[in-house]
Every structure is written in C-alpha cells, then in structure tokens.
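Trainee: Could you work out the structure for the sequence below:
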Amino acid sequence: MPLVKLVFEEKEYTIECKPGEEEFLREAEKTIKKKIDNLESAKELNHSKKFLIISLLLASELNNLAKSLDDSSIDYKKIMAELNNLEDLLKKK
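Mentor: Take a look at the predicted model:
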C-alpha cells in the first residue's frame, strides 16, 4: 500500500491508501488547506477544533450538493414523463 505524506499547518501526517488514490488525497489536502486559509475566525483555534469546523463545513457542502442533485433528478423524472406522454400522443396519430 502506498504512503502519502500530507502537511497541514506545519504538521505532517502519513496516510496509507490504495494504489491510485494518491492524487485524490493530494486534491483533498489542497481543498482542506484552502478552507483553513479562508476561515479567518478559526485562525486562533487549536488544531483539533479547527479541523472539526473544516469537517463540518465540508460535510455541509456535500449535503447541499447531494440535495441539489436530488432536486435536479426530480426535474429529470418530470421531463421523462412528459416525453413519454408526447411519444404516446404521436403514436395515436
């Protein structure tokens, strides 16, 4: 299993991952670092509280994305139903 070294605020973490997941972890590291940099109110917090806030923010974003995908699938279902209705109408002619 490959080992990937990630650095957050001068602390190094070695993470074991499956082959091919290294780039995924590097991208996640970049995302977390951006969140830390943009979180002005958390600059004075200790390490664990800061990462708890970052985790909550990322989970919230993920939930919002999942909800928006669910909402768009409803539209897709409506569109498919309308297309089926139109197809039925055309078959009757």
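
Trainee: so how far is the helix or strand of the chain with the lowest mean pLDDT from its chain's centroid?
Mentor: Ranked by mean pLDDT, DSSP states H and E, the helix or strand of the chain with the weakest confidence is helix 47-92, at a mean of 83. Relative to its parent chain, helix 47-92 has a centroid offset of 14 Å by Cα atoms, centre = their mean, to the nearest Å.

Trainee: What helices and strands are in contact with it?
Mentor: Contact here means 3 or more Cβ pairs under 8 Å, 6 or more residues apart in numbering; DSSP states H and E; on that basis helix 47-92 packs against helix 22-38. (C-beta placed from N, C-alpha, C; glycine too.)

Trainee: Show the average pLDDT along the helix it packs on.
Mentor: Average pLDDT, helix 22-38: 93.

Trainee: same for that helix, what does it pack against?
Mentor: Checking 3+ Cβ pairs under 8 Å, 6+ apart, helix 22-38 ends up next to strand 3-8, helix 47-92.

Trainee: what is the orientation angle of the longest one with strand 3-8?
Mentor: Pointing back at helix 47-92 there. Calculated by axes from the mean of the first three to the mean of the last three Cα atoms, to 10 degrees, helix 47-92 forms an angle of 110 degrees with strand 3-8.

Trainee: how close does the residue positioned nearest the centre of the chain sit to residue 69?
Mentor: The centroid of the chain falls nearest to residue 62 when counting by Cα atoms, centre = their mean (4.7 Å). Separation of residue 62 from residue 69 (Cβ to Cβ, to the nearest Å) stands at 11 Å.

Trainee: same check, this time on residue 78
Mentor: Distance from residue 78 to residue 69, by Cβ to Cβ: 15 Å.

Trainee: and residue 6, how many residues sit next to it?
Mentor: For residue 6, the neighbour count with other Cβ atoms under 10 Å is 16.

Trainee: Is it correct that it is in contact with residue 22?
Mentor: No. Using Cβ atoms under 8 Å, residue 6 makes no contact with residue 22, being 10.5 Å away.

Trainee: Any idea how many residues pack against residue 54?
Mentor: Counted with other Cβ under 10 Å, residue 54 comes out at 20.

Trainee: wait, it sits on residue 39?
Mentor: Yes. Look at residue 54 against residue 39 with Cβ under 8 Å: they come within range, at 7.1 Å.
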